[in-house]
Structure formats: C-alpha cells, structure tokens
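Novice: Need coordinates for the below:
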Amino acid sequence: MDNSFWHKCWERNTLGFHQRDVHPLLSQYFEQLTLPSDRHVFVPLCGKTLDMAYLARFMQVTGSELSDIACKDFFLENNIEYQKQTLGAFEQYSCPQLSLLQGDFFQLSSKAVDSIDWIYDRAALIALPASMQQQYVEHLKTFFSAQTRLFLVTVEFPKEQLNGPPFAVTETDVKSLFSGYNIEYIAKNEIKDKQFAQRTFEVDYLLEKLYIISLEN
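Specialist: Sure thing, here's the model as predicted:
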C-alpha cells in the first residue's frame, strides 16, 4: 500500500474511512484524561477528521496528512480561514489554533513539531497493513518525550472476514508494537450495527478499543 493508493482515495472521493462526527471515545474520555499543563496534540495521518476541531477546543493541534485535498477540505468544510506556506518538503496549512503539515508522514522529522503532550491516533495505525504497522510505530515513537501520551483507538474483527483497510489490531498486536511502553487499556466500544465510519461490515463482531500509551518511567 503506497502513497498513490491514498491520493486516489481523495481524488475519487472514496472516503469510507472518514467519520462525519467526533469519535465517541474521544468526546467521552479525552477531556478527563488531560492535565492542566497539556498544550499540544499531534494527529498523524489525520485526513480531514472533525476530531481535530474538537481537540482544538482544548489545545494546539498539529496534523500530518499526505493529501492536499484533505488539508484544504478540512478548513473549507469547517469554515476556517487558513494561511499556506512551504516548510521544506511540506506545505503548511494553518490557523491560530491548528496546523496541518501536508506531505509524507514517514519523512516528517519530530524536530519539525513542537513539544507534544498528546498523540491522537484514531485511524492511522488501523489504516496500515501489518507489514507497515511496525514501521509506522517506530517512526511515531520518535515524537514521544517524557510527557507524551498516545490516545490510540483500534478496531477488532475476525481478520479472515475482512481485507482492510481498516485492519484489525488486537491487544496482543498493541503490546507487541509498543513493547517496553506503558499500555493502559481504557475502554471498549462494541459496534453492534457493524457500521464503521461510512461503511457497514459483514463480520461476526466489530469492536473499538481505547488505549493510553506512554514511555515507561
């Protein structure tokens, strides 16, 4: 799965992965997990998710997104004026509370992003096949510092019943990918109607799970 796959999704407007509302696990748990000192959240592979507008109510948001269409659409659909400038290999779309860095996440240096208190991943890890997940996580780890916490939402279903994306990520997978990190399982959301974003899946079960992940002290 290369960059052209995702560019074509945006060009063709085949956005079954885009959720039209703020994710329920985010609205239910994020605010109560934050600290008064938290100032900045990073959203890798962000698309045009409304979750960023929700997060911007609490702190500065930086998103990383491959598609320029997604970046423009986020601001246009939310009626937010933005500025655009070139930062090295990336195009930056920004307003006072939010900045989107358009380009390849795997080429983004953590030095280009201010100190991060939270990383929000609702649809990045699960968008990648198992063969790419460890590469993604290893790069994601470079954005961690002592105070960083990852708000990770995964999806689970019988892997043999559905070819992704999204790709099922189990608790065992999470523990393997983030070996040596603190992993706290917070909540589970059983999706009884099998409706995931804009798609309905024919699977025996469909679960979302929330984990908070941080560096070991």
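
Novice: Tell me where the chain has strands.
Specialist: 40-44, 60-65, 83-87, 90-95, 98-102, 118-121, 149-156, 181-190, 195-196, 199-200, 207-215 (DSSP state E).

Novice: pLDDT on the lengthiest helix in the chain, on average?
Specialist: The longest helix of the chain (DSSP state H) is helix 130-141. Averaged across helix 130-141, pLDDT comes to 95.

Novice: what does stretch 54-63 give?
Specialist: Across stretch 54-63, the average pLDDT comes to 97.

Novice: quick revisit: just put the strands of the chain in JSON lines and tack on distance to residue 164 and mean neighbour count.
Specialist: To be clear about C-beta, it is placed using only N, CA and C from the backbone, and glycine gets the same treatment. Below are the strands of the chain laid out as JSON lines (distance: least, CB to CB, whole Å; neighbours: other CB atoms under 10 Å):
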{"stretch": "strand 40-44", "distance to residue 164": "18", "mean neighbour count": "23"}
{"stretch": "strand 60-65", "distance to residue 164": "19", "mean neighbour count": "24"}
{"stretch": "strand 83-87", "distance to residue 164": "32", "mean neighbour count": "11"}
{"stretch": "strand 90-95", "distance to residue 164": "27", "mean neighbour count": "18"}
{"stretch": "strand 98-102", "distance to residue 164": "24", "mean neighbour count": "23"}
{"stretch": "strand 118-121", "distance to residue 164": "15", "mean neighbour count": "24"}
{"stretch": "strand 149-156", "distance to residue 164": "9", "mean neighbour count": "23"}
{"stretch": "strand 181-190", "distance to residue 164": "19", "mean neighbour count": "14"}
{"stretch": "strand 195-196", "distance to residue 164": "11", "mean neighbour count": "16"}
{"stretch": "strand 199-200", "distance to residue 164": "11", "mean neighbour count": "12"}
{"stretch": "strand 207-215", "distance to residue 164": "15", "mean neighbour count": "19"}
